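Enquirer: sequence below, structure please.
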Amino acid sequence: MKNNNTNTANPDKIGIGKFWAWQSRGASAAINFIVVSFVAIYCTDALGMPPALVGTLLAVSTVIDAITDLFAGYLVDRTNTRWGKGRPYEWAIVAEWILTFLMYSTPAGASLAVKAAWILVCRILINSVCTTLLSACQNPYMIRAFGTNNQRVKLASFGGIVIMLASIAINVAFPIMMANIATSPQGWSTMILLIALPAGLIGIMRFFFVKETVQVVDASEHEEVKLSDVFSVLKNNPYVWMVGFMYFGYMLVSGMGINSYFFTWVMGDITKMSSASAIGMVALPLLFVFPAIMKKTTKSMLVQVGCIAYIIAGLLLFFCYHNYGTVLLGFVFMGFASLPITYLTDLMMLDCGTYNAHISKKRMDGTIGAIKGFLGKIGGALGLGMVGWLLQLGNYDGTLTTQPDSALFMIRFLIGMIPVIVFAAIAIMMMFYKVDGMLPELEKEQNMH
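Expert: Next comes the predicted model:
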């Protein structure tokens with residue numbers, strides 16, 4: 001790879017302006033992800049929809065979205081414009097916020113069928129168009145905007161601080177806003193508008209201030225990408241599947257949106273969710289030393305450590321929910337646990353692209369990113385579906401003032417034991433991820449070309 005604007009004195013320097021501009025969309029997308037994760041409780045409690053129907057609608061919309069991911073990767077890999085390969089698709093963040101506002105503005109007086117159709121269409125457009133394009137363009141854009149691996153590591157670690165702060169801020173603010181503004185369907189619409197306007201403007205900054213200036217050695221730049229190349233990745237690159245299924249499990253757990261139910265009904269106070277979210281800030285110092293840690297260990301090992309922390313958090317939330325202090329401790333572990341997968345997934349996908357260039361001469365970064373998005377959204381669909389189906393099985397009714405014990409148990413099972421099962425499986429799978437050890441030789445081989 002050759003960077004046309006590289007500082008020869010320090011090729012790994014990013015620059016403050018470019019750093020903040022790049023992180024703007026990541027922060028906006030992270031906020032949107034959290035805001036959208038509250039849609040289930042909006043549907044069941046504000047719109048009075050049955051939880052099983054809500055879970056099914058959200059699962060179906062996410063499955064449809066997952067199917068389109070592979071086509072989005074193919075589209076990005078074939079894209080070559082004067083603005084670049086991945087950069088033009090950044091406008092999807094603006095459309096995503098517009099659609100999010102519309103989803104939370106579902107006509108409250110409409111029939112159940114109209115509400116269901118409204119939610120389903122909005123979710124499909126948010127996921128299948130906007131989030132899909134943003135996911136598929138991320139890696140091709142990054143590798144053409146930042147020319148060295150150290151730059152990309154800095155973005156993942158130090159940039160993770162920005163994203164984590166944005167996530168914590170919305171996680172702290174949202175429950176308080178729910179308690180004070182979202183007391184009616186119209187209140188939900190007003191609340192989302194107050195968030196969507198600034199977040200949408202912030203999110204598009206990357207397009208204007210970060211250009212694709214790095215020349216990437218990639219046969220797909222000079223040869224037409226064929227569907228057979230996509231199937232070659234699926235068949236011959238096992239590490240793409242490992243990282244993809246890692247992300248599958250993470251999205252299954254993080255996309256359930258069960259926290260709002262847990263604090264509303266098990267803890268009895270949604271505003272307590274704010275302090276539980278804020279306590280995740282204790283994990284922030286770890287991001288400052290992330291680059292140094294990565295020099296001494298492997299990405300797969302860091303993911304395994306995160307999985308252990310997730311398992312501890314799940315056990316604490318399931319068994320020790322009576323004690324708020326213990327619940328907060330569980331969220332401390334959860335804060336530490338989320339860091340490795342959240343901030344290493346894209347780097348691991350780039351490593352998979354390097355491995356793919358080794359076996360096929362084409363990086364296929366867009367396709368690889370789309371595979372991650374595909375599996376992540378299938379995981380998210382399963383998580384959303386489980387919430388609705390298990391809550392219905394537990395006789396949950398959002399119109400009641402008190403929930404039965406069976407519903408409370410299901411909420412605890414979803415927030416506690418599902419993460420234990422999922423992250424134990426991921427930890428075992430990461431034992432077979434070997435790209436870390438191969439990477440120095442693979443990068444040397446690619447640079448020779």
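
Enquirer: so where do the strands sit in this structure?
Expert: 2-3, 214-215 (DSSP state E).

Enquirer: lowest average confidence across those strands, which one?
Expert: Of all the strands of the chain, mean pLDDT reaches its minimum on strand 2-3 (a mean of 50).

Enquirer: for Phe38, give me phi and psi.
Expert: phi -90, psi 0 (degrees, to the nearest 10).

Enquirer: need the contact list for it.
Expert: For Phe38, the contacting residues are Phe174, Met178, Gly257, Ser260, by C-beta atoms under 8 Å, 6 or more residues apart in numbering. Just so you know, the C-beta spots here come from the backbone N, C-alpha and C atoms, and that holds for glycine as well.

Enquirer: from Val153, how far off is it?
Expert: With distances taken as C-beta to C-beta, to the nearest Å, Phe38 is found 32 Å from Val153.

Enquirer: re earlier: so among the contacts of Phe38, where is pLDDT lowest?
Expert: Gly257 (83).

Enquirer: neighbours around that residue, how many?
Expert: When neighbours are defined as other C-beta atoms under 10 Å, Gly257 has 21 of them.

Enquirer: which residue sits closest to Phe101, ignoring its sequence neighbours?
Expert: Ala196 (4.8 Å; C-beta to C-beta, 6 or more residues apart in numbering).

Enquirer: next one: that neighbour from Thr190, what distance?
Expert: Taking C-beta to C-beta, one finds Ala196 at 11 Å from Thr190.

Enquirer: ok, Leu315 next?
Expert: Computed with C-beta to C-beta, the distance linking Leu315 and Thr190 is 39 Å.

Enquirer: same check on Thr56?
Expert: From Thr56 to Thr190 the distance is 28 Å (C-beta to C-beta).

Enquirer: these two touch, right, Thr34 and Phe174?
Expert: Wrong residue type there; residue 34 is Ile, not Thr. Yes. Using C-beta atoms under 8 Å, Ile34 is in contact with Phe174, at 6.9 Å.

Enquirer: so who does Tyr324 touch?
Expert: Contact analysis of Tyr324 by C-beta under 8 Å, 6+ apart lists Met267, Lys272.

Enquirer: cutoff 7 Å now
Expert: Applying C-beta atoms under 7 Å, 6 or more residues apart in numbering, we find Tyr324 in contact with Lys272.

Enquirer: more neighbours: which of Ala196 and Thr190?
Expert: Between Ala196 and Thr190, counting by other C-beta under 10 Å, Ala196 is the more crowded of the two (24 against 15).

Enquirer: distance of the residue nearest to Leu120 when sequence neighbours are not counted relative to Ala381?
Expert: Of all residues not flanking Leu120 in the chain, Leu57 sits nearest, at 5.1 Å (C-beta to C-beta, 6+ apart). Leu57 sits at a distance of 11 Å from Ala381 (criterion: C-beta to C-beta).

Enquirer: shared neighbours of these two, anything?
Expert: What both Leu57 and Ala381 touch, as defined by C-beta under 7 Å, 6+ apart, is an empty set.

Enquirer: looking at this structure, which helix or strand is least sure?
Expert: strand 2-3 (a mean of 50; mean pLDDT, DSSP states H and E).

Enquirer: what is the neighbour count of the nearest residue to Pro51 once chain neighbours are set aside?
Expert: Once flanking residues are discounted, Pro51 sits nearest to Leu391: 4.2 Å by C-beta to C-beta, 6+ apart. Other residues near Leu391 come to 27 when the count uses other C-beta under 10 Å.

Enquirer: thinking Leu391 is in contact with Met49, fair?
Expert: No. In this structure, Leu391 is not within contact of Met49 by C-beta atoms under 7 Å, at 11.7 Å.

Enquirer: now do the helices in the stretch 1-150 of the chain.
Expert: 16-36, 39-41, 51-77, 92-103, 112-124, 132-145, 149-180 (DSSP state H, counting those that start in this stretch).

Enquirer: got JSON lines for those helices, with distance to Ile421 and mean neighbour count too?
Expert: Conversion of the helices of the stretch 1-150 of the chain to JSON lines gives the following (distance: least, C-beta to C-beta, whole Å; neighbours: other C-beta atoms under 10 Å):
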{"stretch": "helix 16-36", "distance to Ile421": "23", "mean neighbour count": "21"}
{"stretch": "helix 39-41", "distance to Ile421": "21", "mean neighbour count": "24"}
{"stretch": "helix 51-77", "distance to Ile421": "19", "mean neighbour count": "23"}
{"stretch": "helix 92-103", "distance to Ile421": "30", "mean neighbour count": "22"}
{"stretch": "helix 112-124", "distance to Ile421": "26", "mean neighbour count": "17"}
{"stretch": "helix 132-145", "distance to Ile421": "25", "mean neighbour count": "27"}
{"stretch": "helix 149-180", "distance to Ile421": "24", "mean neighbour count": "20"}
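
Enquirer: good, wrapping up.
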